[in-house]
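J.: Pasting the sequence and the predicted coordinates here, then a few questions.
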Amino acid sequence: MNPHFPAAAAPVKLYRNPKSGHCHRVELMLSLLGVPCDPIDLDMAGGAHKAPAYLKISPFGQVPAIDDNGTTLSDSNAILIYLVRKYPDGHDWLPDVPEAAAEVQRWLSVAAGEIAGGPAAARLATLFNAPLDHVAAKAKAHRLFAVMQPLLKERDFLAGSAITIADVAGYSYIAHAPEGGVSLDAYPAIRAWLARIEALPGFVGMARSPIPETS
């Protein structure tokens, strides 16, 4: 357990969809930090994420959201920042050095942009029949991976030699890209990066889904 988490405190409540990469990145961060977590799966098909009580926690009706013993917060990247500042474990998850901080922020923007519109969108179209352009999402994913592949040949993690919240934000949808019909076969450096994250103490994975026959 993280020494900065009060012994008498209740676990952090994580409101989630268990197959959401946005939710998984928060679950992964909690686990890597050694902060106890109480996952609460919302019946999103039944509209639980639009219920008035939940909208008080997450005003846009989105997952994930957390309730940390009375402190409520939504938006996965914002939650990552909160967690590493609230429960430091001695690792520099969010550097203070301006250049390093900017590099982390750049990849958080990629997570909200290219990753969301690429591998995440392709997976949404495949697994959940979301009305998205699957072909365009796959193409965007491969454009992203074409940028990441040479970068990760030169460094172990997205923002440098050590893992940061940038990697936690990027991991889930890229690791599960094949579920959206986006193969990782041509990207050995990306696969090696995923393996480095999966080898970390405290790593927890997201539930796997079938991979389409064509990728």
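T.: Received, thanks. Bear in mind the structure is a predicted one, so any value in this text is a computation, not a measurement.

J.: Below-threshold pLDDT in the protein: ranges please.
T.: Across the chain, the ranges flagged by pLDDT under 70 are 214-215.

J.: Okay, strands next: where are they in the chain?
T.: 12-16, 37-41, 65-68, 71-74 (DSSP state E).

J.: Give me the most central residue, this protein.
T.: residue 25 (2.9 Å; C-alpha atoms, centre = their mean).

J.: How about stretch 107-126, which residues are buried there?
T.: 107-108, 110-112, 114-126 (16 or more other C-beta atoms under 10 Å). For glycine as for every other residue, the C-beta is placed from the backbone atoms N, C-alpha and C.

J.: One more: stretch 13-32?
T.: Neighbour-count burial for stretch 13-32 [16+ other C-beta under 10 Å]: 13-17, 19-32.

J.: got it, and stretch 160-180?
T.: So for stretch 160-180, counting by 16+ other C-beta under 10 Å, buried means 160, 163-180.

J.: Likewise for stretch 80-91?
T.: 80-84, 87.

J.: same thing with stretch 129-149?
T.: 132, 134, 137-138, 140-142, 144-145, 148-149.

J.: show me the contacts for residue 103.
T.: 158-160, 166 (C-beta atoms under 8 Å, 6 or more residues apart in numbering).

J.: now do 7 Å
T.: 159-160 (C-beta atoms under 7 Å, 6 or more residues apart in numbering).

J.: One more: the one 5 residues further on?
T.: The contact partners of residue 108, taken as C-beta under 7 Å, 6+ apart, are 77, 166, 169.

J.: repeat that with 10 Å
T.: 76-78, 80-81, 94, 158-159, 164-166, 168-170 (C-beta atoms under 10 Å, 6 or more residues apart in numbering).

J.: Identify those among the residues you listed that sit within helices.
T.: The members of the contacts of residue 108 that map onto helices under DSSP state H are 76-78, 80-81, 165-166, 168-170.

J.: neighbours around the spatially closest residue to residue 189 that is not a sequence neighbour, how many?
T.: Using C-beta to C-beta, 6 or more residues apart in numbering and skipping the chain neighbours, the partner closest in space to residue 189 is residue 152 (4.0 Å). Residue 152 has 21 neighbours, counted by other C-beta atoms under 10 Å.

J.: May I have the residues that are in contact with residue 131?
T.: 124-125 are the contacts of residue 131 under C-beta under 10 Å, 6+ apart.

J.: and it, how far is that from residue 25?
T.: Distance of residue 131 to residue 25, computed by C-beta to C-beta, to the nearest Å: 24 Å.

J.: max-length helix in the chain?
T.: Assigned via DSSP H, the chain shows its longest helix as helix 134-154.

J.: Now do that helix: which elements does it pack against?
T.: helix 98-110, helix 121-127, helix 165-175, helix 188-198 (3 or more C-beta pairs under 10 Å, 6 or more residues apart in numbering; DSSP states H and E).
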